[in-house]
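Chemist: All I have is the shape, not the residue letters:
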């Protein structure tokens, strides 16, 4: 046993221990290294899965908060100052469109989302004026304050274009619409046209030249919001497909 535990060469006892698999007695730690690497990889995978599950749960909680949110009467009254010609049913459509927009913002996880509806943007303006109530809503819905950014304050000229493309893709996914070959418009994109908003933004699934509407199926591709000359036309000449404002970091 002196050869096994002492400072000299291993004797028969040490050789017997090695033969039985006692690697540490002979200084062979390969099995321990393999176990350590395996455990580290296993912990990393478990942490990754756990983080993804937490993010999905957090997003679902925020979406639930948005869907369950009741817009107070004071916000609706303020909105009526801007749109007195809409009846109660049309007003309901507007605020449901705004709800859709907030869902898109939550799903975008901080990336910029342009507002594609002028009348929904008016409702957003009315909501923001109730600052404490809006701040409380933002905390529950986004975990942060969702800023309203006008076009002139955007950091780059392409931000609005990227934002409207993102809004289109997310809105189509929300309503299970093919974004490249849409058979109908998502509610938020159809809102201004449905309510015949005079200064609103209109989108067309048929992409009819000269219709005065943006070609919806071209929003997600091409260099501009409309996708190319001849396929779109609108008040902004194809430079922007939305209200010129949006929310995101």
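Modeler: Right, received. Where do you want to start? Just so it is clear, the structure is predicted and the values come from calculations on it, not from any experiment. Numbering: from 1, shown residues only.
Chemist: same for the strand or helix carrying residue 190, what does it pack against?
Modeler: Element membership for residue 190 (DSSP states H and E) is helix 187-194. For helix 187-194, the packing partners by 3 or more CB pairs under 8 Å, 6 or more residues apart in numbering; DSSP states H and E come out as helix 88-108, helix 118-128, helix 159-174, strand 203-204. Glycine gets a C-beta too; all of them are placed from N, C-alpha and C.
Chemist: Could you name the helices and strands sitting against the second one?
Modeler: Read that as helix 118-128. For helix 118-128, the elements it packs on are helix 73-82, helix 88-108, helix 131-141, helix 187-194, judged by 3+ CB pairs under 8 Å, 6+ apart.
Chemist: Among the ones you listed, show me which one is buried the most.
Modeler: helix 187-194 (a mean of 23; mean count of other CB atoms under 10 Å).
Chemist: average pLDDT across that one?
Modeler: Helix 187-194 shows a mean pLDDT of 96.
Chemist: got a list of contacts for that helix?
Modeler: Here helix 187-194 makes contact (CB atoms under 8 Å, 6 or more residues apart in numbering) with 93-94, 96-97, 100-101, 104, 116-120, 167-168, 171, 175, 184-185, 197, 200-203, 213, 216.
Chemist: Specify the stretch among the helices and strands packed on helix 118-128 that is closest to residue 160.
Modeler: Counting by CB to CB, residue 160 lies closest to helix 88-108 out of the helices and strands packed on helix 118-128; the figure is 14.3 Å.
Chemist: any idea which helix or strand comes after the closest one?
Modeler: Downstream of helix 88-108, the next assigned helix or strand under DSSP H and E is strand 113-114.
Chemist: Quick check: residue 189 vs residue 65, distance?
Modeler: As for residue 189, its distance to residue 65 is 24 Å (criterion: CB to CB, to the nearest Å).
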